[in-house]
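*Asks:* This is a predicted model, with the sequence first.
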Amino acid sequence: MRAPFLLVLLALGCSATAEPSDTNIDPGSGSGGVANAPSTGGSGGSVFASGGSIGVGAAPSTGGTGTGGSGGLQGGIMCSEIGSRLTGRLRDFTSTSNPDFEPQLGAKGAAATNVDDKSIVKREVDADMKPVYNGPAAGTHSTYGPSSFASWFVDTPNVNMAIPYTLDFVGPDANGVYTFDRTASPGFLPVDDGANCPVMPQTPCLMGNTVLGPNTYPHNYSLTFELHTNFIYRPGMVFNFTGDDDVWVFIGNVLVLDLGGIHHSEPGEVVLDNLGMVSGETYRLDFFWAERHLVESHFRIDTSLEFVDCGIEPVK
């Protein structure tokens, strides 16, 4: 039996100095794998969590169980031969292409930042494995309504630019934990403009670095990232998160962690044993993150999750 699953996401404040280390874009890896069908719903169970967790249950997904492996094994093959590699979709915005990024510039003013904004999304993902906006037409504390939220995790011409982005984990440590760590300065800023842009040594890099009025900043802060993967559940697994800005995690279609809003680093814990899951069954994890306000963006994951694949592509 594997050691308990531990996933820690750290998104902390940081200085604004360039660091061209995030060049691990891998368009060719991570798609495919065992893409299970959505679960049929959750029953029973509860989540004991801090910092915005949700009390829900989750049933096993209806797809196959796959041939899971520790540390990112896919059919017995290490994901790109580096222990664990998970590929998701990274999208770049600007404050003018979508008002939810740097929302203090709009009518909501400064009240849109440094604020928890829970329940931006509904309890379940939709048929495309995307979060569903839950706010009113006029928006929430930090968002401007369903029309602006619609592009957060959807490729949208003239609003965002997107590329596959691969999280390269190192490890395992003595406890079988793999780590992706971007807590050192300047944090998780994977597509800063300039010669060191991942896969595209050009200017601008995607939508370019953040520009607010007359000021151009040395980093690109307006980003979202989504990740979809499958794992095998074993008793004792837990998720521990600390993050900013928005972080949403769904297991078996159901929201189990809500760290919505533009805020400083906040902790949240999910205890999988309280979700009504079945040992040895395969479940899908849908992870969504947004960086919406300069100048802080740090990101860390520590995991002993038994991956079944290296990240699956969501339905478009």
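*Replies:* Thanks, I have the structure now. Everything numeric in this text was worked out from a predicted model, so none of it was measured.
*Asks:* just for the protein, where's the confidence low?
*Replies:* Judged by pLDDT under 70, the chain has its weakly predicted residues at 1-83, 239, 242, 315-316.
*Asks:* mind listing the helices for it?
*Replies:* In the chain, the segments counted as helices under DSSP state H are 146-149.
*Asks:* how about the nearest residue to Gly261 once chain neighbours are set aside, what does it touch?
*Replies:* Leaving aside its chain neighbours, Gly261 sits nearest to Asp117 (3.3 Å; criterion: C-beta to C-beta, 6 or more residues apart in numbering). (C-beta placed from N, C-alpha, C; glycine too.) Asp117 makes contact with Thr140, His141, Ser142, Thr143, Asp246, Gly260, Gly261, Ile262, His263, according to C-beta atoms under 8 Å, 6 or more residues apart in numbering.
*Asks:* 6 Å instead, please
*Replies:* Each residue near Asp117 by C-beta atoms under 6 Å, 6 or more residues apart in numbering is listed here: Thr140, His141, Ser142, Gly260, Gly261.
*Asks:* same question, Leu227
*Replies:* The neighbourhood of Leu227, defined by C-beta under 6 Å, 6+ apart, consists of Leu86, Gly88, Phe287, Gly311.
*Asks:* Without its sequence neighbours, what residue ends up closest to the first one?
*Replies:* The spatial neighbour of Leu86 that comes closest, neighbours along the chain excluded (C-beta to C-beta, 6+ apart), is Gly311 at 4.5 Å.
*Asks:* Give me the neighbour count for the one you found.
*Replies:* 29 (other C-beta atoms under 10 Å).
*Asks:* so it touches Arg89, yeah?
*Replies:* No. Counting by C-beta atoms under 6 Å, Gly311 sits too far from Arg89 to count as a contact (9.2 Å).
*Asks:* Give me the common contacts of the two.
*Replies:* Counting by C-beta under 6 Å, 6+ apart, nothing touches both Gly311 and Arg89.
*Asks:* any idea how far the residue lying farthest from the centre of the chain lies from Leu189?
*Replies:* For the chain, the C-alpha lying farthest from the average C-alpha position belongs to Pro214; by C-alpha atoms, centre = their mean, that distance is 31.1 Å. The spacing between Pro214 and Leu189, counted by C-beta to C-beta, to the nearest Å, is 22 Å.
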